[in-house]
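Participant: Structural data only, the sequence is not supplied:
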């Protein structure tokens, strides 16, 4: 609605009111007072910026929801809990399903490590997973990353894990579990934990 004169409607001032539509639904109205010809461009700009912000918020919410679902699935798998197969396949990526042969990888940080540099190490771990094109992982507080990876893909990407272990050998340990079907990930997780415990022995 463009208002060209003050009090054209009761209590109004000159300016423009422009709707913000999102997913074909009215979510807001932006109003700017002033000469219509002058403020029209600013109203349109504000409308575009608002749509961008709404989209970013939506993507952020979807990302958080996806992360929460993934955390739930991985925690359930390594704890040998029953998980609905449809929910499982919908949550996991890269074609992983209940018949996929997988390995669990545990990356454990030294709890005594200087927390001031912790972010740098955590970033290196996640970047290694990205480099390996593996997204099925979760951070388990306080010092563990748990990755579930298809055995075949992990075999081809093992060099990246070895490089990570070598670069931060004083800070972290990596255990790789046995190859099992996805629904037996708890066994692979136990093996990965055992491998790390063995590394700790002199």
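Facilitator: Okay, I see it. Computed from a predicted model, the values in this text were never measured in an experiment.

Participant: Run through the protein and note the low-pLDDT ranges.
Facilitator: The chain contains residues with pLDDT under 70 at 59, 61-64, 93-94, 111, 113-116, 200-202.

Participant: so where do the helices sit in it?
Facilitator: Ranges of helices in the chain, per DSSP state H, are 36-78, 85-91, 118-131, 151-156, 158-167, 185-200.

Participant: I'd like to know how far the spatially closest residue to residue 101 that is not a sequence neighbour sits from residue 157.
Facilitator: Leaving aside its sequence neighbours, residue 101 sits nearest to residue 151 (CB to CB, 6 or more residues apart in numbering; 4.5 Å). For the C-beta atoms, the positions are set from N, CA and C on the backbone; glycine is no exception. Using CB to CB, to the nearest Å, residue 151 is found at 11 Å from residue 157.

Participant: Out of these two, name the residue with the larger neighbour count.
Facilitator: Under the neighbour definition other CB atoms under 10 Å, residue 151 and residue 157 were set side by side, and residue 157 has more, 17 against 14.

Participant: Which residue is the nearest non-sequential neighbour of that one?
Facilitator: Among residues not flanking residue 157 along the chain, residue 132 sits closest, at 4.1 Å (CB to CB, 6+ apart).

Participant: That neighbour: neighbouring residues, count only.
Facilitator: Counted with other CB under 10 Å, the neighbours of residue 132 add up to 20.

Participant: Can you give me the distance of it to residue 125?
Facilitator: 11 Å.

Participant: now do residue 3
Facilitator: Taking CB to CB, one finds residue 3 at 57 Å from residue 125.

Participant: dump the residue contacts of the residue nearest to residue 157.
Facilitator: Neighbouring residues of residue 132 by CB atoms under 8 Å, 6 or more residues apart in numbering: 149, 153, 154, 157, 160, 161.

Participant: try residue 191
Facilitator: 104, 175, 176, 177, 178.

Participant: Cross-check the contact I'm expecting between residue 148 and residue 137.
Facilitator: Yes - between residue 148 and residue 137 there is a contact at 7.2 Å, judged by CB atoms under 8 Å.

Participant: list the residues that contact both of those two?
Facilitator: residue 74.

Participant: Which one of the two is surrounded by more residues?
Facilitator: residue 148 (26 against 20).

Participant: Got the phi and psi for the closest residue to that one other than its chain neighbours?
Facilitator: Leaving aside its sequence neighbours, residue 148 sits nearest to residue 136 (CB to CB, 6+ apart; 4.7 Å). Note on residue 136: its backbone torsions stand at phi -90, psi 80 [degrees, to the nearest 10].
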